[in-house]
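Asker: Need the 3D shape of this:
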Amino acid sequence: MRTFFFGVDIGTQGARVVLVDEYGEVVGAGEKKFALSEGFREEQNPDMWWECCLEIVDHIVENLNIDKIKIRAISVTSTSGTVIPLDSSNRPLHNAIMYSDPRSAEQGKRIKHLATQYNPNAYTGFNASSGISKMVWFVETYPEKVGAIHTWIHASDYIVGKLSGNYRITDYTNVLKSAYDLEKQQWPSYIFDELGLKPEWLQEVVPSGTVVGKLDKSLAARWNLPELDVVVGITDGCASQMASGAVTPGSWNTTIGTTLVIKGVTERNVVDPLGRLYSHRHPEGYWMPGGASNTGADWISLDYKGQDLGELNGIAATLIPTGLVAWPLLQDGERYPVMSPQARRIVPDTASKELLYAANLEGVAFIEKLAYEIIEELSQEKVNAVYTAGGGSKSDVWLAIRASVLNVPIHKCKEAGGALGAAIMAASKTYYNSLTEAAKAMTKVEKTVLPDEELVNAYTEQYQLFKDKLKELNYI
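Answerer: Sure thing, here's the model as predicted:
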């Protein structure tokens with residue numbers, strides 16, 4: 001008797017919806033690109049998101065070969081730091097102010113200073129990408145609209161609200177960058193006393209996975225579905241972490257795409273005084289620290305455009321360990337694990353593009369190791385295993401390099417998309433007893449790569465050379 005769960009992912013440029021069973025097997029899926037106008041990284045119409053969701057779900061349910069009565073719940077993931085002001089009828093007073101909108105940079109600096117002063121033991125890494133910065137920016141920029149504000153919500157909350165009618169509840173992950181104190185589990189007083197926000201504008205905060213309502217009756221009729229449980233939303237990075245299976249203490253997820261993003265689970269809150277890491281609260285009381293590097297796999301698509309990557313990876317496997325120090329940082333400056341605006345790529349002296357390719361693979365692995373060293377130092381907890389996803393996980397030689405550099409098993413995920421993560425959250429309290437139980441059942445490891453002893457020894461020496469070079473350049 002299979003049971004099914006919807007996961008909705010609202011990205012920056014499009015929406016994706018999956019319907020999976022209790023083991024994570026996909027039985028229906030669809031996606032749609034948004035019709036974006038100029039300035040879409042600053043503002044987007046949330047009703048555009050909703051119309052796309054309706055179209056995708058319409059298509060999925062029309063083509064199902066399962067008993068719809070067995071569909072149990074639905075949840076949503078979307079971008080972190082995107083916020084929307086609603087009026088008393090739950091209509092947007094303004095377009096969604098996107099996480100990537102830089103206009104609130106001045107407010108971000110001011111809020112960071114206040115947070116450091118009034119709430120130093122909580123998250124203080126506020127900037128232009130933070131939801132709280134955008135709220136203050138809106139209040140200061142549009143004073144004529146302030147009197148009509150009823151609720152500030154986050155991106156995933158809008159879709160949850162359209163599904164259930166409940167816009168007044170959000171989850172732990174969405175509120176981190178809106179200044180909610182996850183240790184004390186309350187909105188801090190300085191955002192009211194110093195920033196002019198009102199307590200009645202802000203949502204109730206609950207653990208991720210909490211059921212906040214039932215599917216609207218008109219939607220249930222439209223799709224010929226039961227009145228599903230609607231589960232509170234979650235941010236996109238955390239949803240991808242759920243989909244990777246890295247949900248228990250000591251387990252971590254590295255996603256290598258354009259950039260390198262690390263997220264994991266610790267027993268205790270990890271506070272980084274330099275602001276490189278930030279910690280979400282796990283629904284089971286653990287903590288989920290994470291950080292994002294500017295180093296990733298973008299150098300492959302740009303420096304090796306049009307080349308046969310399978311052939312390059314095969315050659316690289318014969319060249320490692322290279323013994324070289326390389327760092328393929330394409331943009332100027334790094335934020336994690338190195339915090340240095342003056343950081344620049346390091347190119348070793350070699351005429352061979354194949355050897356440079358192999359050395360760059362190693363260089364990204366060294367950045368990953370440095371990131372995990374910082375995590376272990378701050379948390380005083382051991383990294384036991386790394387789950388991995390993203391385009392960078394498709395290279396077998398890169399997996400072998402990383403496993404030996406990190407000296408832990410690397411588990412390659414079969415599927416680690418945000419929509420699956422949302423579906424896992426939908427199942428976590430409606431079918432399973434916990435997120436841990438749901439993730440264990442609904443995620444799959446495609447392959448596990450173990451450290452190679454000879455490579456471990458060689459990379460221990462080469463990694464030290466890498467760190468020495470970063471120190472010489474005053475990057476660390």
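
Asker: contacting residues for K145?
Answerer: Listed by CB atoms under 8 Å, 6 or more residues apart in numbering, the contact set of K145 reads P85, L93, H94, F138. Glycine gets a C-beta too; all of them are placed from N, C-alpha and C.

Asker: For V386, what is the enclosing helix or strand?
Answerer: strand 385-389 (DSSP states H and E).

Asker: now for that strand, which elements pack on it?
Answerer: Judged by 3 or more CB pairs under 8 Å, 6 or more residues apart in numbering; DSSP states H and E, strand 385-389 is in contact with helix 236-244, strand 251-256, helix 396-406, strand 410-413.

Asker: Tabulate the ones you listed (a markdown table), appending mean neighbour count and distance to K369.
Answerer: Below are these laid out as a markdown table (neighbours: other CB atoms under 10 Å; distance: least, CB to CB, whole Å):
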| stretch | mean neighbour count | distance to K369 |
| --- | --- | --- |
| helix 236-244 | 29 | 19 |
| strand 251-256 | 25 | 11 |
| helix 396-406 | 24 | 5 |
| strand 410-413 | 23 | 12 |
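
Asker: in stretch 107-115, what counts as buried?
Answerer: Q107, G108, R110, I111, K112, L114, A115 (16 or more other CB atoms under 10 Å).

Asker: Show me how far the helix or strand containing the second one is from its chain's centre.
Answerer: In this case it means G108. According to DSSP H and E, G108 maps onto helix 105-118. On the basis of CA atoms, centre = their mean, to the nearest Å, helix 105-118 sits 23 Å off its chain's mean C-alpha point.

Asker: And for stretch 157-174?
Answerer: How far stretch 157-174 lies from its chain's middle: 18 Å, per CA atoms, centre = their mean.

Asker: From start to finish, how long is it in a straight line?
Answerer: 9 Å (CA to CA, to the nearest Å).

Asker: What of stretch 6-17?
Answerer: 7 Å.

Asker: average pLDDT for it?
Answerer: For stretch 6-17, the mean per-residue pLDDT is 95.

Asker: Stretch 296-307 now?
Answerer: Averaging pLDDT along stretch 296-307 gives 91.

Asker: could you dump that stretch to PDB, C-alpha only?
Answerer: Extracted in PDB, the C-alpha atoms of stretch 296-307 (Å, rounded to 0.1, in the frame of the first residue of the first chain):
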ATOM      1  CA  GLY A 296      33.500  25.300  -7.500                       C
ATOM      2  CA  ALA A 297      33.300  23.700 -10.900                       C
ATOM      3  CA  ASP A 298      32.700  26.900 -13.000                       C
ATOM      4  CA  TRP A 299      36.400  26.800 -14.200                       C
ATOM      5  CA  ILE A 300      35.700  23.500 -16.000                       C
ATOM      6  CA  SER A 301      32.900  24.900 -18.200                       C
ATOM      7  CA  LEU A 302      34.900  28.100 -18.900                       C
ATOM      8  CA  ASP A 303      38.500  26.900 -19.100                       C
ATOM      9  CA  TYR A 304      37.700  23.500 -20.700                       C
ATOM     10  CA  LYS A 305      34.700  24.400 -22.800                       C
ATOM     11  CA  GLY A 306      34.000  22.000 -25.600                       C
ATOM     12  CA  GLN A 307      36.500  19.400 -24.400                       C
END
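
Asker: got the buried residues for it?
Answerer: Across stretch 296-307, burial judged by 16+ other CB under 10 Å covers G296, A297, D298, W299, I300, Y304.

Asker: Give me the distance from stretch 184-203 to the chain's centre.
Answerer: Put simply, stretch 184-203 sits 25 Å off its chain's centre (CA atoms, centre = their mean).

Asker: Kindly report the same for stretch 195-208.
Answerer: Centre-to-centre, stretch 195-208 and its host chain are 22 Å apart (CA atoms, centre = their mean).

Asker: Same question for stretch 144-159.
Answerer: Here the centre of stretch 144-159 is set off from its chain's centre by 23 Å, with CA atoms, centre = their mean.

Asker: ok, now which ones touch V449?
Answerer: D396, L399, A400, R402, A403, P409, I410, K412.

Asker: okay if I get the buried residues of stretch 296-307 as CSV plus distance to P328?
Answerer: As requested, those are exported to CSV (distance: CB to CB, whole Å):
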residue, distance to P328
G296, 9
A297, 9
D298, 8
W299, 4
I300, 8
Y304, 10
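
Asker: now, the most widely separated pair of those?
Answerer: G296 and Y304 (14.0 Å; CB to CB).

Asker: Look up how far G28 lies from the closest residue to K33 other than its chain neighbours.
Answerer: Leaving aside its sequence neighbours, K33 sits nearest to G14 (CB to CB, 6 or more residues apart in numbering; 4.3 Å). Distance, G14 to G28, using CB to CB, to the nearest Å: 17 Å.

Asker: With neighbour numbers in mind, choose between those two.
Answerer: More neighbours surround G28 than the other of G14 and G28, with 21 against 15 (other CB atoms under 10 Å).

Asker: packing partners for the helix or strand harbouring that one?
Answerer: Take DSSP H and E as the rule and G28 turns out to sit in strand 26-33. Helices and strands touching strand 26-33, by 3+ CB pairs under 8 Å, 6+ apart, are strand 14-21, helix 46-62.

Asker: Out of these, indicate the one that is most buried.
Answerer: Of all the helices and strands packed on strand 26-33, strand 14-21 has the most neighbours on average by mean count of other CB atoms under 10 Å, namely a mean of 23.

Asker: tell me the mean pLDDT for the longest helix along the chain?
Answerer: With secondary structure taken from DSSP state H, the chain has its longest helix at helix 353-379. For helix 353-379, mean pLDDT is 96.

Asker: Same question for stretch 261-277.
Answerer: Mean predicted lDDT for stretch 261-277 stands at 88.

Asker: Give me the distance from that stretch to the chain's centre.
Answerer: On the basis of CA atoms, centre = their mean, stretch 261-277 sits 14 Å off its chain's mean C-alpha point.
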